[in-house]
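K.L.:
Let me see the structure of the following:
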Amino acid sequence: MKPDYSHIHYESKGFWLIHDTEGRQGLLRANGEPFLPCEYEKVTVRNTDYISVWLQNHTGMLLDMEGNVVNSCDYTNIEKMEYITDDYDEFGELKKATAHCLKYRSADRYYGLMDRNGNIITPPLYDDITAIAVNLYHCEGEEGSALLDDKGRECGEKL
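P.N.:
Numbering: from 1, shown residues only. Predicted coordinates:
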């Protein structure tokens, strides 16, 4: 008989963390009953009565202890981004201005773009994002760099 899981260990709050043979994670209840199937990149039972799950594209969700989605985008930080303009201040220094988009950080350290209303533009796929104009962003990721506009569309070739 082939095993269903490659690894099982106690996580927290009566849940066992399971790994399938492809490395995906899920949870079993203390009695061995399935709770979350092995379809997540990472699963963490938090001390705050919530469960964080991340998909392959680094998108995170926050679940309650019954498995209901509490927040469909689990992120830890939201930041304004500034870019350098072509204008100079009274001291001869280049001025900075605030870009249209914000960058948010997923709980597993990747960044995505978000509009000013809190709507997600891109999933958190990037190691870092830098504004280079009011609506143009340099995004660095595991597969190289790209320029994106404020709608998440690629502008030009990958760098």
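
K.L.:
Tell me how many other residues crowd residue 69.
P.N.:
Burial measure for residue 69: 11 neighbouring residues, criterion other Cβ atoms under 10 Å. Any C-beta I mention is one placed from the backbone N, CA and C, and that applies to glycine too.

K.L.:
where does it fall, phi/psi-wise?
P.N.:
Phi and psi for residue 69, reported as degrees, to the nearest 10, are phi -70, psi 120.

K.L.:
What strands flank the helix or strand that contains residue 104, and is each parallel or antiparallel?
P.N.:
In this structure, residue 104 sits in strand 94-106 according to DSSP states H and E. Its sheet considered, strand 94-106 pairs with strand 75-88 (antiparallel), strand 111-114 (antiparallel) by DSSP bridges.

K.L.:
what residues does the longest one touch?
P.N.:
Looking back up the chat, that one is strand 75-88. 60, 94-99, 101-107, 112, 114, 124, 129-134, 136-137 (Cβ atoms under 8 Å, 6 or more residues apart in numbering).

K.L.:
can we see that at 10 Å?
P.N.:
59-60, 62, 93-114, 116, 118, 120, 124, 129-138 (Cβ atoms under 10 Å, 6 or more residues apart in numbering).

K.L.:
okay but residue 66 is in contact with residue 29, surely?
P.N.:
No. Using Cβ atoms under 10 Å, residue 66 is not in contact with residue 29; the gap is 11.2 Å.

K.L.:
give me every residue that touches the most centrally placed residue in the chain.
P.N.:
Central residue of the chain (Cα atoms, centre = their mean): residue 106, 3.2 Å from the mean position. By Cβ under 10 Å, 6+ apart, the contact set of residue 106 is 52, 54, 57-60, 73-77, 112, 123-126.
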